[in-house]
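# Below is the structure, and that's it, no one-letter string:
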């Protein structure tokens, strides 16, 4: 089981970024995928989660609802996080994760994660 994130970077407030998570060793049909983030000195938080089309669940934390959009790739081996209207408080390392014992969102915990991608929102 491997997850690899890409797409982080530095952006000004109000800007956009799109994160990608490439899955290998499993597909979204088998396990849901979530995005967690962790800022320096803060607890990690689950900001969004998605299941396969059959379960068709999508979850957003209130801090990102209306600004972030999670989606599936056609092959069920990619998950994307479109982040719009970014704010300085969105600055964090973003992790793509899964939890193999759980079929629904939100995950609350995870047992596999990627290496993380840094998102910095600053003037």
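Alright, I've got the coordinates. The structure presented is a predicted model; accordingly, all values stated were derived computationally and were not measured.
# Double-check residue 70 against residue 57; I have them as touching.
No - if you go by CB atoms under 8 Å, residue 70 and residue 57 don't touch, sitting 10.5 Å apart. From N, CA and C alone the C-beta is placed, and that goes for glycine too.
# Which neighbours do these two have in common?
Common contacts of residue 70 and residue 57 (CB atoms under 8 Å, 6 or more residues apart in numbering): 49, 50.
# Neighbour count for the two, which is higher?
The residue with more neighbours, out of residue 70 and residue 57, is residue 70; 22 against 14, by other CB atoms under 10 Å.
# Name the nearest residue to residue 6, sequence neighbours excluded.
Leaving aside its chain neighbours, residue 6 sits nearest to residue 20 (5.0 Å; criterion: CB to CB, 6 or more residues apart in numbering).
# Kindly report the same for residue 24.
Nearest to residue 24 is residue 2, by CB to CB, 6+ apart, at 4.5 Å.
# again, but for residue 33
Among residues not flanking residue 33 along the chain, residue 79 sits closest, at 4.6 Å (CB to CB, 6+ apart).
# Can you report how many residues lie near the one you found?
26.
# And the helix or strand where it lies, what does it pack against?
Using DSSP states H and E, residue 79 sits in strand 78-83. With contacts taken as 3 or more CB pairs under 8 Å, 6 or more residues apart in numbering; DSSP states H and E, strand 78-83 sits against strand 17-24, strand 68-72.
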